[in-house]
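> what's the 3D shape of this:
(one chain, ligands or ions: 1)
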Amino acid sequence: MISLHNVSKSFTGVPVIQSISLSIARGDIHGIIGASGSGKSTLLRLMNLLETPDAGDVEVNGQKLTALNTKQLRQARKSIGMIFQHFNLVANKTVYENVVVALELAKYPKAELRKRVMDCLQFVGLESFQAKYPAQLSGGQKQRVAIARALANHPHVLLCDEPTSSLDPHTTAEILRVLADINQRLGVTIVLVSHEMDVIKSICNRVTVLTDGTIHDTVAITPRGIQETVNTAVHLVERLKEDGDRDA
Ligand SMILES: Nc1ncnc2c1ncn2[C@@H]1O[C@H](COP(=O)(O)OP(=O)(O)OP(=O)(O)O)[C@@H](O)[C@H]1O
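Presented below is the predicted three-dimensional model:
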């Protein structure tokens, strides 16, 4: 589904990704983990050519992206959704408008716009929030809108760059559940960059460990499932007591 062949990328002469080859199979939830600065985000952004490789080839869904012209690449990107740590919503657009923009940019048939937006919002459980603005939403709700927007054009692949890093554990579990659902119900291949081992272990079936822009290893794991978390005040106090982090 996604193949990188000897891909390299430098910034201002400093190598950040060094001749990486990696294959991600259709239907996988593939994690990328590594220390800060190891190149995780850059590797992910090379998969949809948000970063252009200095060398090597990137193939997604049978198409060699590195061989396409600008127009062809724009077309190919419709089938590659992406979400980010800080959601990247347009602040002065409503939830509905944030999703419809993705469809309009992709020249989706006008008559089908409304239905498609509402289907996507329903999938993430936010159809009743369509008229709200991002500032009126919680972090988890904002990420759901971003997911709805990423799903709008029926992608085959969803690239997720630290999608839960701004969220509390309870909301993290909710968003991971949505991602697992997208993978299972819609058959979307997911690549998930995270520095949190718990996040990676909960839903990924393969994991690449990056170190200094090279692959240390890629291993198969059994996702252990999304841990239920509770965020009531009582539960939070209990957690503090467990950690011994309270006034004596
Ligand atoms: N556009 C850019 N221009 C210059 N340097 C960049 C750029 N993007 C990334 N880098 C550098 O490349 C290296 C890898 O960055 P990257 O964001 O891919 O790492 P990361 O593993 O995702 O880090 P983190 O976990 O801290 O987000 C870092 O040293 C970073 O400063």
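> can you show me the helices along this protein?
Applying DSSP state H to the chain gives helices spanning 40-46, 70-77, 95-105, 113-123, 139-151, 169-186, 197-203, 233-242.
> let's see the fourth one as PDB, backbone CA atoms only.
By that I understand helix 113-123. Presented in PDB, the C-alpha positions along helix 113-123 are these (Å, rounded to 0.1, in the frame of the first residue of the first chain):
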ATOM      1  CA  LEU A 113     -21.600  17.900  -0.900                       C
ATOM      2  CA  ARG A 114     -24.100  18.200   2.000                       C
ATOM      3  CA  LYS A 115     -24.700  14.500   2.300                       C
ATOM      4  CA  ARG A 116     -21.000  13.700   2.300                       C
ATOM      5  CA  VAL A 117     -20.200  16.200   4.900                       C
ATOM      6  CA  MET A 118     -23.000  15.000   7.200                       C
ATOM      7  CA  ASP A 119     -22.000  11.400   6.700                       C
ATOM      8  CA  CYS A 120     -18.500  12.200   7.800                       C
ATOM      9  CA  LEU A 121     -19.700  14.300  10.800                       C
ATOM     10  CA  GLN A 122     -22.000  11.500  11.700                       C
ATOM     11  CA  PHE A 123     -19.100   9.000  11.600                       C
END
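> helices or strands up against that helix?
helix 95-105, helix 139-151 (3 or more Cβ pairs under 8 Å, 6 or more residues apart in numbering; DSSP states H and E). Using the backbone N, CA and C atoms, a C-beta is placed for each residue, glycine as well.
> deepest-packed of those helices, please.
Highest mean neighbour count among the helices and strands packed on helix 113-123 (mean count of other Cβ atoms under 10 Å): helix 139-151, with a mean of 24.
> render the CA-only coordinates of that one in CSV, please.
The C-alpha atoms that make up helix 139-151 are tabulated as CSV, following Å, rounded to 0.1, in the frame of the first residue of the first chain:
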residue,chain,number,x,y,z
GLY,A,139,-9.6,19.3,21.8
GLY,A,140,-11.2,15.9,21.2
GLN,A,141,-14.0,17.4,19.2
LYS,A,142,-11.6,19.5,17.2
GLN,A,143,-9.6,16.3,16.3
ARG,A,144,-12.9,14.6,15.3
VAL,A,145,-13.7,17.5,12.9
ALA,A,146,-10.2,17.1,11.5
ILE,A,147,-10.8,13.4,11.1
ALA,A,148,-14.1,14.0,9.4
ARG,A,149,-12.3,16.4,7.0
ALA,A,150,-9.6,13.9,6.3
LEU,A,151,-12.2,11.2,5.5
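> mean confidence for it?
Averaging pLDDT along helix 139-151 gives 97.
> just stretch 93-113 next, same as before
Averaged over stretch 93-113, pLDDT sits at 95.
> how about residues contacting it?
Stretch 93-113 has contacts (Cβ atoms under 8 Å, 6 or more residues apart in numbering) with 78, 89-90, 116-117, 120-121, 126, 129-134, 137, 145, 148-150, 152-153.
> now do the same end-to-end measure for it.
End-to-end span of stretch 93-113 (Cα to Cα, to the nearest Å): 16 Å.
> what is the burial count for residue 66?
Neighbourhood size, residue 66 [other Cβ atoms under 10 Å]: 18.
> if we can go back for a sec, could I get the helices of the chain as JSON lines with distance to residue 28?
Shown next, in JSON lines, are these (distance: least, Cβ to Cβ, whole Å):
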{"stretch": "helix 40-46", "distance to residue 28": "14"}
{"stretch": "helix 70-77", "distance to residue 28": "20"}
{"stretch": "helix 95-105", "distance to residue 28": "24"}
{"stretch": "helix 113-123", "distance to residue 28": "21"}
{"stretch": "helix 139-151", "distance to residue 28": "17"}
{"stretch": "helix 169-186", "distance to residue 28": "8"}
{"stretch": "helix 197-203", "distance to residue 28": "11"}
{"stretch": "helix 233-242", "distance to residue 28": "33"}
